[in-house]
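Novice: quick check, what structure comes out for this input:
(4 chains)
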2 protein chains.
Amino acid sequence: MMPSPTRNPVTASEPDPSRRNNLALLTSLVHHNGVLSRAQLTKRTGLNRSTVGALIGQLVNLEVVYETAPSGEAQVGRPSPIVHPRPSIAALAVNPEIDAVTIGLVGLGGKVQKKIRFDTERIPTAKEAVNIAAAVIAGMRSELDASYRVMGVGIAVPGLVNRDDGVVRHAPHLGWRDEPVARMLGEATGYPCHAANDASLGAEGELLFGAGAGQKNLIFLNGGASGIGGGIIADGELLRGTSGYAGELGHTFVRSSGKPCHCGATGCLETEVSQSPLFELAGIGGGDAGQLEQALRANSSEAVAAEVARQLEYLGIALRNAVNTFNPEAIVLDGFLGVLHALSPGTLDNSLRSQALDGPAGQVKIYRAALGSDLMMIGAAELAFAQFLADPAGAFPSPTS
Amino acid sequence: MMPSPTRNPVTASEPDPSRRNNLALLTSLVHHNGVLSRAQLTKRTGLNRSTVGALIGQLVNLEVVYETAPSGEAQVGRPSPIVHPRPSIAALAVNPEIDAVTIGLVGLGGKVQKKIRFDTERIPTAKEAVNIAAAVIAGMRSELDASYRVMGVGIAVPGLVNRDDGVVRHAPHLGWRDEPVARMLGEATGYPCHAANDASLGAEGELLFGAGAGQKNLIFLNGGASGIGGGIIADGELLRGTSGYAGELGHTFVRSSGKPCHCGATGCLETEVSQSPLFELAGIGGGDAGQLEQALRANSSEAVAAEVARQLEYLGIALRNAVNTFNPEAIVLDGFLGVLHALSPGTLDNSLRSQALDGPAGQVKIYRAALGSDLMMIGAAELAFAQFLADPAGAFPSPTS
DNA sequence: GTAATATGTTGGATAGCAAAACAAACTCCA
DNA sequence: TGGAGTTTGTTTTGCTATCCAACATATTAC
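Specialist: Next comes the predicted model:
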């Protein structure tokens, strides 16, 4: 019986370790939950009514949030005003892929205000990707300066990224090695820039705004053209490891004498489970997960069914390992992994029930990702918001007071 | 660049989330590091001299710590008094195994004051184990009441244990299922009791007092008669998962068409890597890890070398997965896994270098566990200390003030 | 319309900490 | 041997975030 997070602190001291500054706590709540009444905030934080009132007043002054008249919900007692995040507090998101660089603008509250996909002829180098992003941002600059307060830029990269210094250690599908993309884009734009692994950011995005909302332990797996990426949320926090490389579930061992993987090992999940044979069997050259699903559903051949079953078997092995290791409440699948699961619902659940340990397997649920193509924008923006959310008052010179 | 833990807090509020109550922080530091000067505590906590002084005074009053004259170390400046944990603040530890129940008494500071191994004729049932522990504790009772303040009992069980309610969900080697051991022992002894997985507690023990001291991310693997257990420390905290089942690395998939495991799956690490064939090849019937190592070193047969190599290969696959997933700084091996590693040093390192991803693999070091047979006592005691360490002042009626 | 209920608002009290000034105890060096 | 320099303990003072209690306000229930 571990001491559970105190909902109603009795002692005067700080009983909840995960609580940063309370101003930051309120900002995060409003950002991640969108719309909350003051009364709800009081309950959620465990703080006193008067304290919440004072803090909200401060956030209103800082122009981080604004209040509106109580909603018409019929309830006994004095109605509580609604607190909204100001979307003019924003972050930029950049996501380089093998065939495009996407740049987005995300407001506080997690809504994508703008998204520009820049298709590239060939796989972009780090320098090219930075140049594209910088140019697009430069184009938006006057609008940004006029209508937004931009807290920074987050870059979601498919590869190993050292989160502390923003250096891409190795992005195999992009062919990048030891590229200091955060510094490069920082110098090009003047904004504070941070970089991280795309799937890790996806995990955070789905945790905060998508299918994993409210969960404390979840595993996120994304399947795309750049292989399989993973992100792990443990006890409400993204697992980062020593350098931020944690979560590479795409290289889980799933098959003896499997094919060699670019990582140097054999039998990795990523080599056994990939989207290209699915696209081939579906008879389409390429496209997104939605198009793949449609094409596969239209095709009732034996070959498709066999390939789907084969891939699900290996995916099941990887998930079994993950479940035994993490004991999560939820697994969230994105990209073609979400398609595989949707095509044969119940298959993965069954293999977990039969193969994973009783305790952990009995609690886990498998979901499909909810945020679709906005996910990377939201996740990357979260990276840029992080510093602001940790200290909303210190991030910029107070405008009014 | 994530905001790193502030060493020198500027704002008046609580900037470091991992800092519980500062009184608790000091108590933990003294408990885990044994002997620290007041000046060192000031540096470690980032608190003001005056604050540390006041807090230590309170802890002295509470009889949690005591101070002694400064050590004779030649240093410029006024010498700083040494702060010691009082070993009379203690916790009981219980560790049921297939052939014995071990009961221990551990003082604040982590020293095992007493250890009693009660050998059993056959595998104990939960009720028998509780009865044995309760009887041994009853025998110690008068001494405990006279000379110690016992904060509770921690039970380390080889199996899936729900840490929240202290119920053993399934301990396959003991044959226990859904046994509320914490409640049972609590009723039998009157002490607050908690239970958890043995390897998880081992991980915490090695983290705090052993080979992993000072690390933030480590993987602990213990090999014993009851198979392979694992515990994972991520960002300084034990990974628990939804119900505390996390860390079951013994059931990592390492071989296609491997033997069936009692867990329902096939190809688990635990079925491919086990100590019984090693004992057979070594020509001894049983014993502890030290005896096994001695016997294996004395035997230079091909068969031994082959079996060691085979087991290390599978262990390497499991570690490769774990390294890719967690990006730890350290792997700590205990029991016969430690022996395997010691017999063929470098083998595991090599397989990680070649098979795991460049980034994570470059940083990890493999150690052998340092605490030996005291580990389970220390780990289980930590479980009992947890509540006290979280609130040293609230745990008992203040004796003096 | 009155009672009950929930919430915002205000003023005072408190706890925990930092900062500053001072005192103490040591090393270093002439 | 004694003063200079350095580090740390101690005391006092003040600040800040919070809680608490009392009161004000806005709604539903009857």
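Novice: what's the angle from the biggest helix by length in chain A to helix B:302-326?
Specialist: Secondary structure of chain A per DSSP state H: the longest helix is helix A:302-326. Using axes from the mean of the first three to the mean of the last three C-alpha atoms, to 10 degrees, the inter-axis angle of helix A:302-326 relative to helix B:302-326 is 90 degrees.
Novice: what about helix A:302-326, distance to the chain center?
Specialist: Relative to its parent chain, helix A:302-326 has a centroid offset of 23 Å by C-alpha atoms, centre = their mean, to the nearest Å.
Novice: buried residues of that helix, list them for me.
Specialist: When neighbours are counted by 16 or more other C-beta atoms under 10 Å in any protein chain shown, the buried residues of helix A:302-326 are found to be A:304, A:307-308, A:311-326. C-beta: built from backbone N, CA, C; applies to glycine.
Novice: what about that helix, average pLDDT?
Specialist: Looking at helix A:302-326 alone, the average pLDDT works out to 95.
Novice: would it count as contacting chain B?
Specialist: Yes. Helix A:302-326 is in contact with chain B by C-beta under 8 Å from any C-beta of the partner chain, via A:317, A:320-322, A:324-326.
Novice: kindly report the same for stretch A:214-234.
Specialist: Yes. Using C-beta under 8 Å from any C-beta, stretch A:214-234 reaches chain B at A:216-217, A:230, A:232, A:234.
Novice: looking at those, which has the most residues close by?
Specialist: In terms of neighbour count, residue A:232 stands highest of the residues of stretch A:214-234 next to chain B at 29 neighbours, by other C-beta atoms under 10 Å in any protein chain shown.
Novice: before we move on, which element is it in?
Specialist: Using DSSP states H and E, the secondary-structure element containing residue A:232 is strand A:227-234.
Novice: how about residue A:264?
Specialist: Going by DSSP H and E, residue A:264 is not in any helix or strand.
Novice: residues contacting it?
Specialist: With contact taken as C-beta atoms under 8 Å, 6 or more residues apart in numbering or on different chains, residue A:264 is in contact with B:354-356.
Novice: just residue A:281 next, same as before
Specialist: By C-beta under 8 Å, 6+ apart, the residues touching residue A:281 are A:296, A:299, A:301, A:303-304, A:307.
Novice: point out where the stretch 301-401 of chain A drops to low pLDDT.
Specialist: Per-residue confidence for the stretch 301-401 of chain A (pLDDT under 70) gives these ranges: A:395-401.
Novice: can you list the domain ranges for chain A.
Specialist: With domains defined by automatic domain parsing, chain A comprises A:22-85, A:89-201+A:375-390, A:213-370.
Novice: where does chain A have low pLDDT?
Specialist: Checking chain A against pLDDT under 70 turns up A:1-20, A:395-401.
Novice: who in it is up against DNA strand D?
Specialist: Residues of chain A that fall close to DNA strand D, judged by C-beta under 7 Å from any atom of the strand: A:9-10, A:12, A:21-23, A:46-51, A:54-55, A:70, A:74-79.
Novice: of the residues you listed, buried ones?
Specialist: Applying the neighbour count, that is 16+ other C-beta under 10 Å, the buried entries in the residues of chain A next to DNA strand D are A:9, A:21-23, A:46-47, A:55.
Novice: show me which pair in those residues is furthest apart.
Specialist: By the measure C-beta to C-beta, those have their two most distant members at A:9 and A:23, which lie 16.7 Å apart.
Novice: nearest to DNA strand C: which residue in the stretch 1-150 of chain A?
Specialist: For the stretch 1-150 of chain A, the nearest residue to DNA strand C under the criterion C-beta to the nearest atom of the strand is residue A:77, separated by 2.0 Å.
Novice: how close does that residue get to residue A:70?
Specialist: Distance of residue A:77 to residue A:70, computed by C-beta to C-beta, to the nearest Å: 11 Å.
Novice: please apply the same query to residue A:175.
Specialist: With C-beta to C-beta as the criterion, residue A:175 and residue A:70 are 55 Å apart.
Novice: one more: residue A:194?
Specialist: To residue A:70, residue A:194 is 38 Å away according to C-beta to C-beta.
Novice: equivalent analysis for residue A:166, please.
Specialist: Taking C-beta to C-beta, one finds residue A:166 at 43 Å from residue A:70.
Novice: quick one on the thing from earlier: what is the strand holding residue A:232 packed up against?
Specialist: If contacts are counted by 3 or more C-beta pairs under 8 Å, 6 or more residues apart in numbering or on different chains; DSSP states H and E, strand A:227-234 sits against helix A:198-209, strand A:218-224, helix A:269-272, helix A:302-326.
Novice: how about the following helix or strand past the third one: buried residues?
Specialist: On the C-terminal side of helix A:269-272, the closest following helix or strand by DSSP H and E is helix A:276-282. Counting neighbours by 16+ other C-beta under 10 Å, one finds that the buried residues in helix A:276-282 are A:278-279, A:281-282.
Novice: how far off centre is helix A:276-282?
Specialist: Mean-position distance between helix A:276-282 and its chain equals 27 Å (C-alpha atoms, centre = their mean).
Novice: gap between the following helix or strand past it and the chain center?
Specialist: Following helix A:276-282 in sequence order, the next helix or strand is helix A:289-298 (DSSP H and E). For helix A:289-298, the separation from the chain centroid amounts to 24 Å (computed by C-alpha atoms, centre = their mean).
Novice: then stretch A:84-93?
Specialist: Stretch A:84-93 has its average C-alpha position 17 Å from the chain's average C-alpha position, going by C-alpha atoms, centre = their mean.
Novice: now swap in stretch A:22-29 and tell me
Specialist: Between the mean C-alpha location of stretch A:22-29 and the chain-wide mean there is a distance of 19 Å, by C-alpha atoms, centre = their mean.
Novice: same thing with stretch A:94-101?
Specialist: Stretch A:94-101 sits 16 Å away from the centroid of its parent chain (C-alpha atoms, centre = their mean).
Novice: buried residues in that stretch?
Specialist: A:94-98, A:101.
Novice: nearest to residue A:291, of those?
Specialist: If you rank those by distance to residue A:291 using C-beta to C-beta, residue A:97 comes first, at 16.3 Å.
Novice: and the gap between the nearest residue to residue A:315 once chain neighbours are set aside and residue A:312?
Specialist: For residue A:315, the nearest residue in space outside its immediate sequence neighbours is residue A:273; the separation is 5.5 Å by C-beta to C-beta, 6 or more residues apart in numbering or on different chains. Look at residue A:273 and residue A:312: by C-beta to C-beta, they are 8 Å apart.
Novice: which neighbours do these two share?
Specialist: Looking at what touches both residue A:273 and residue A:312 (by C-beta under 8 Å, 6+ apart), the common residues are residue A:340.
Novice: what's the first helix or strand after the helix or strand hosting residue A:27?
Specialist: Secondary structure here is read from DSSP H and E; on that basis residue A:27 sits in helix A:22-33. Next along the chain after helix A:22-33, taking DSSP H and E as the criterion, comes strand A:36-37.
Novice: give me the contacts around that next one.
Specialist: The list of residues contacting strand A:36-37 from outside it, by C-beta under 8 Å, 6+ apart, reads A:29-30, A:44, A:70-71, A:80-83.
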